[in-house]
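# The following block contains a protein sequence and its predicted model.
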Amino acid sequence: MKSVLIIEDQADIRRLLRLTLELEDYAIHEAASGPVGLAAARELRPDIVLLDVMMLGAFDGLECCRRLKADPATRNVRVVMLTARGHSHDCEAGLAAGADAYLIKPFSPLQLIEVLRQIVQPPAARGAHARAMPAVPAEAAAGASGAAC
């Protein structure tokens, strides 16, 4: 069973993510801030971290992602950034921070599950670009919500 750590400061969003993931075969953990999430990731060593970009507190999701990827204990964790920010420079910032995928809110439960399935595949199964973001749907070019960048 794959484990997922949800790092999101809004309880209602954490609840929606949990409800979506409970339909799949995931062990689910939650954290309400970047620092708490970082500590939880070090302890739990999840397979995937769902990470909100815009969090209040000591540091935001981009900084949390940088720290996860810089730490030898968590650098191999797959990180999916979740955000309402859908501009190309926002996506580039997520990639630069080390994110493995970037999903724009609002997104459907099916989109989330598909992105998770894509990023947990072994690198050989993902093709030559092992760290590449999931494919961008045609709607993404028009700025549609839910698109991966």
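Done, it's in. Everything quoted here is computed from the prediction, not taken from an experiment.
# Would you mind listing the residues in contact with the spatially closest residue to K69 that is not a sequence neighbour?
Spatial nearest neighbour of K69, excluding adjacent residues (C-beta to C-beta, 6 or more residues apart in numbering): G98 at 3.3 Å. For glycine as for every other residue, the C-beta is placed from the backbone atoms N, C-alpha and C. Under the criterion of C-beta atoms under 8 Å, 6 or more residues apart in numbering, the neighbours of G98 are 65-66, 68-69, 79.
# and if you look at L21?
4, 6, 28.
# what bridges to the first one?
Beta-bridge partners recorded for V4 (DSSP bridges): I28, I48.
# Tell me where this protein has helices.
Under the criterion DSSP state H, helices of the chain are mapped to 11-22, 34-44, 61-70, 88-97, 109-119, 123-126.
# Nearest to L103, out of those helices?
helix 109-119 (5.7 Å; C-beta to C-beta).
# Tell me which residues of the closest one come out buried.
For helix 109-119, a neighbour-count test (16 or more other C-beta atoms under 10 Å) marks 111-112, 114-116, 118-119 as buried.
# deepest of the helices of the chain, which one?
helix 61-70 (a mean of 21; mean count of other C-beta atoms under 10 Å).
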